[in-house]
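Colleague: let's see this in three dimensions:
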Amino acid sequence: MLIPRCVACIFSVGLATLGAGAVIGQDYPNKPIRVVTSAAGGGTDFVSRLIAQGLTTSLGKQVIVDNRGSMISAEIVVKAPPDGYTLLIGTDLVWIAPLMRNTSYDPIKDLSSISLIASAPLLLVVHPSLPAKSVKELIDLAKSKPGVLNSASSTKGTPIHLAAELFKSMAGAEIVIINYKGTAPALNALIGTEVHFMFGPAGTVIPHVKSGRLRALAVTSTQPSMLGPGLPTMAASGLSGYEVALKYAVFAPPKTPAALISRLSREVVTLLNQASIKERLFSAGGVETVASSPEQLVATIRSDMAKLGKVIRDAGIRDD
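Modeller: Okay, the predicted model is just below:
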């Protein structure tokens, strides 16, 4: 029986595709892999090196960390060959930055999602002199004194800044947000009573909570967090749907074959489910492990961009 030429072509392409997938599964990797990430020394660098070390062991090939700037890293990976040998590990700035500035890529179309790595919720903390011992009391106080209460924030577009803007929007209170040049000066301003409250990284503010210099009211994750033991969530405190967290994720270049994405996702998730990795991320990195499918990462990106995009537009936040 003769097969029509057009059908035979389709059949041949299908076999070739299946063959390519098999080759990818069998031969990958056969040379070192590069993980492009942010500058050396920060939290993203720590997470990247931990993941790179684990993948070096599981894949049997060296995984090298290439430290660049946060946005430069994304732009490098977007332009890299889709062969699985160049990966990106970055924070949610990868998909939030395009909402505030002109970027050369679309985080959904121009990056292949592999997995969420970890998440670090913030804590809402106030100066002890402020007569507010719950989120509701803070909102009531802010509403009773429009434009009087102020919140310390780090630079524009960071989770600390967006957490304050989202709180202001959802609470419907007139609050002044003051941007500082980083978390440390913002925290010093709060401790020094220059401002009334702020949203800060758990690892940074918890020591001051324990010493009595600050009072913690809530955690910004969707669920209670061991990074803020005993604290209610913002959502459970009256702001239903409130969630802001620093997120870490891993990506590949656009058009990376599905077989490669699947393989890399399995490797990353397996690594993240190791007790030793969870412990190091929590104790040394101050983050909680989140091992997700590629589809779950895409859903997270879409949700963040929709929710925070509205906050950014309404507040007129630009970071050009």
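Colleague: any idea how this structure splits into domains?
Modeller: 31-120+246-315, 121-237 (automatic domain parsing).
Colleague: how about JSON lines for those domains, with mean pLDDT added?
Modeller: Below are the domains of the chain laid out as JSON lines (pLDDT from 0 to 100):
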{"stretch": "domain 31-120+246-315", "mean pLDDT": "95"}
{"stretch": "domain 121-237", "mean pLDDT": "95"}
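Colleague: let me have those domains in CSV, extended by mean neighbour count.
Modeller: (Each C-beta comes from the backbone N, C-alpha and C, glycine too.) As requested, these are exported to CSV (neighbours: other Cβ atoms under 10 Å):
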stretch, mean neighbour count
domain 31-120+246-315, 19
domain 121-237, 19
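Colleague: let's check: the centremost residue of this structure is which one?
Modeller: Taking Cα atoms, centre = their mean, the centroid of the chain lies closest to residue 247, which sits 1.8 Å from it.
Colleague: give me the number of residues near residue 243?
Modeller: Neighbours of residue 243 under the rule other Cβ atoms under 10 Å: 19.
Colleague: so for stretch 235-254, first residue to last residue, what's the gap.
Modeller: In stretch 235-254, first residue to last residue: 35 Å (Cα to Cα, to the nearest Å).
Colleague: for stretch 288-295, that is, sorry about that
Modeller: End residues of stretch 288-295 are separated by 20 Å (Cα to Cα).
Colleague: next one: stretch 55-74
Modeller: 20 Å.
Colleague: hey, where'd the strands end up in the stretch 51-200 of the chain?
Modeller: With strands called from DSSP state E, counting those that start in this stretch, the stretch 51-200 of the chain shows them at 63-67, 86-91, 112-126, 150-153, 176-179, 197-201.
Colleague: just checking, what packs against the fourth one?
Modeller: Other helices and strands packing on strand 150-153, by 3 or more Cβ pairs under 8 Å, 6 or more residues apart in numbering; DSSP states H and E, are helix 159-171, strand 176-179, helix 183-191, strand 197-201.
Colleague: could you check the angle strand 197-201 makes with the first one?
Modeller: Angle of helix 159-171 versus strand 197-201, following axes from the mean of the first three to the mean of the last three Cα atoms, to 10 degrees, is 130 degrees.
Colleague: and helix 159-171, C-alpha only, in PDB?
Modeller: In PDB, the C-alpha atoms belonging to helix 159-171 read as follows (Å, rounded to 0.1, in the frame of the first residue of the first chain):
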ATOM      1  CA  PRO A 159       8.500  43.400  47.100                       C
ATOM      2  CA  ILE A 160       8.800  45.700  50.100                       C
ATOM      3  CA  HIS A 161       7.500  48.700  48.000                       C
ATOM      4  CA  LEU A 162       4.800  46.800  46.300                       C
ATOM      5  CA  ALA A 163       3.700  45.200  49.600                       C
ATOM      6  CA  ALA A 164       3.100  48.700  51.000                       C
ATOM      7  CA  GLU A 165       1.300  49.900  47.900                       C
ATOM      8  CA  LEU A 166      -1.000  46.800  47.900                       C
ATOM      9  CA  PHE A 167      -1.700  47.400  51.500                       C
ATOM     10  CA  LYS A 168      -2.600  51.000  50.900                       C
ATOM     11  CA  SER A 169      -4.800  50.100  48.000                       C
ATOM     12  CA  MET A 170      -6.700  47.200  49.700                       C
ATOM     13  CA  ALA A 171      -7.000  48.900  53.100                       C
END
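Colleague: could you list every helix and strand in contact with that helix?
Modeller: By 3+ Cβ pairs under 8 Å, 6+ apart, helix 159-171 packs against strand 112-126, helix 135-144, strand 150-153, strand 176-179, strand 197-201, helix 294-315.
Colleague: switch to 6 Å and redo it
Modeller: Helices and strands touching helix 159-171, as assessed by 3 or more Cβ pairs under 6 Å, 6 or more residues apart in numbering; DSSP states H and E, comprise strand 150-153, strand 197-201, helix 294-315.
Colleague: hmm, back to that, put together a markdown table for the helices and strands packed on strand 150-153, with distance to residue 32 on each row.
Modeller: Shown next, in a markdown table, are the helices and strands packed on strand 150-153 (distance: least, Cβ to Cβ, whole Å):
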| stretch | distance to residue 32 |
| --- | --- |
| helix 159-171 | 33 |
| strand 176-179 | 41 |
| helix 183-191 | 34 |
| strand 197-201 | 33 |
